[in-house]
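In: Provided below for reference: sequence and predicted model.
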Amino acid sequence: MALVGRPNVGKSSLTNTLVGEKVAIVTKKPQTTRSRITGVITKGPVQYVLMDTPGIHTPRNKLDARMTQTAAASVKDVDVTLMLFEPSGELTEAETTMIEALRKSGPAIAVINKVDLLHGFAELEARKQQIEALGVFDTVRTISAKDGTGCEELLEVLRQYATPGPHYFDDDAFTDMPEKELVAELIREKLLLFMRDEVPHGVAVTVESFKERPDKDLIDISVEICCERKSHKGMIIGKGGQMLKKVASAARTDCEELLGTHINLQCWVKVREGWRDSERLLDDLGFAKP
């Protein structure tokens, strides 16, 4: 099943809440998710496979275009699509385009998130009626991915879309992402959290080496942080290297919790001008075409 919706609507938070593990990074900045993230939940005979997708928005560069294409492609060949909505406000042009695409694809469920932010039911009821009137969704559910309200009930709704067949993943799996990709995402999350608004979306993270020491409970990880401008490199490193140390320290803690071992993390910053608008550099940095 695919999760789609505008940036910052809560797709990654819902994925993490349903899975019970941190498989998708979460920040308050839009377009945090850049690629399709898979979360796996196994409850007895039923295995749910969630695909968290980049937020649908009007592309401004080739990276944005790939992200938007990834979201659009994800609704094909899934048992059901979950489209997340804000609890109020006007629908964006990108949302309207996605809704029209869902008319031609398989079944879809509307999920109104962030109900914990509402102070009354009138606004929420108006939103539900607005979405129901679209005539696209089998049902409209209300949740809070932040505190878990309505999430277990949502899984029960999704259960009816399950089709007979073998489990695609081991029952104890929670994602299909390689450990190297998870580490890179955790480092990028810290950059998004700690850096100024003009820097993070021009940053990409790749793991250059990932080696377990045979004689120690330790993994040596070397990471390249790619940015678009020399001035951004200075910001990421910070005065006396303090910002880079802050990012690496916070990321190391999360990586050690994820991998269950000690981490020796080395981060290097490199300038690649205009990488978000270069098909070659996007390929080099691992941004797959949908």
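Out: On my side now, so go ahead. Given the structure is predicted, the values throughout are model-derived calculations rather than measurements.
In: Please name the residues that touch the residue of the chain most remote from its centre.
Out: In terms of distance from the mean C-alpha position of the chain, residue 215 ranks first, at 35.4 Å (Cα atoms, centre = their mean). Residues counted as contacts of residue 215 (Cβ atoms under 8 Å, 6 or more residues apart in numbering): none. For the C-beta atoms, the positions are set from N, CA and C on the backbone; glycine is no exception.
In: Name the helix or strand of the protein that has the lowest mean pLDDT.
Out: Taking mean pLDDT, DSSP states H and E as the measure, the helix or strand of the chain with the lowest value is helix 62-74, at a mean of 75.
In: Name the surrounding residues that touch it.
Out: 2, 4, 31, 34-36, 51, 53-59, 81, 94, 98, 101, 276-279, 282, 287, 289-290.
In: Which of the residues you listed are buried? Put it as a PyMOL command.
Out: Only the buried entries of the contacts of helix 62-74 go into this PyMOL selection, using 16 or more other Cβ atoms under 10 Å:
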select buried, resi 2+4+31+34+35+36+51+53+54+55+56+57+81+94+98+101+276+278+282+287+290
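In: rewinding a little: give me the secondary structure label for the residue farthest from the centre of the chain.
Out: coil (DSSP: H, G, I helix; E, B strand; the rest coil).
In: go on, the one 5 residues further on?
Out: Remark: residue 220 carries the secondary structure label strand [criterion: three-state DSSP].
In: again, but for the one 3 residues further on
Out: For residue 223, the secondary-structure state derived from three-state DSSP is strand.
In: Helix, strand, or coil at the spatially closest residue to it that is not a sequence neighbour?
Out: Among residues not flanking residue 223 along the chain, residue 267 sits closest, at 4.9 Å (Cβ to Cβ, 6 or more residues apart in numbering). Three-state assignment for residue 267 (three-state DSSP): strand.
In: quick one: pLDDT of residue 267?
Out: If you check residue 267, the pLDDT there is 96.
In: Just the strands from the chain, written as ranges.
Out: Secondary structure of the chain (DSSP state E): strands at 2-5, 37-43, 46-52, 81-85, 108-112, 140-142, 204-212, 218-227, 262-271.
In: Show me what the fifth one packs onto, helices and strands only.
Out: Secondary-structure packing of strand 108-112 (3 or more Cβ pairs under 8 Å, 6 or more residues apart in numbering; DSSP states H and E): strand 81-85, helix 122-132, strand 140-142, helix 151-159.
In: coming back round to it: burial count for the residue nearest to residue 223?
Out: Here the number of neighbours of residue 267 (other Cβ atoms under 10 Å) works out to 20.
In: how about it, what does it touch?
Out: 187, 223, 225, 244, 247-248.
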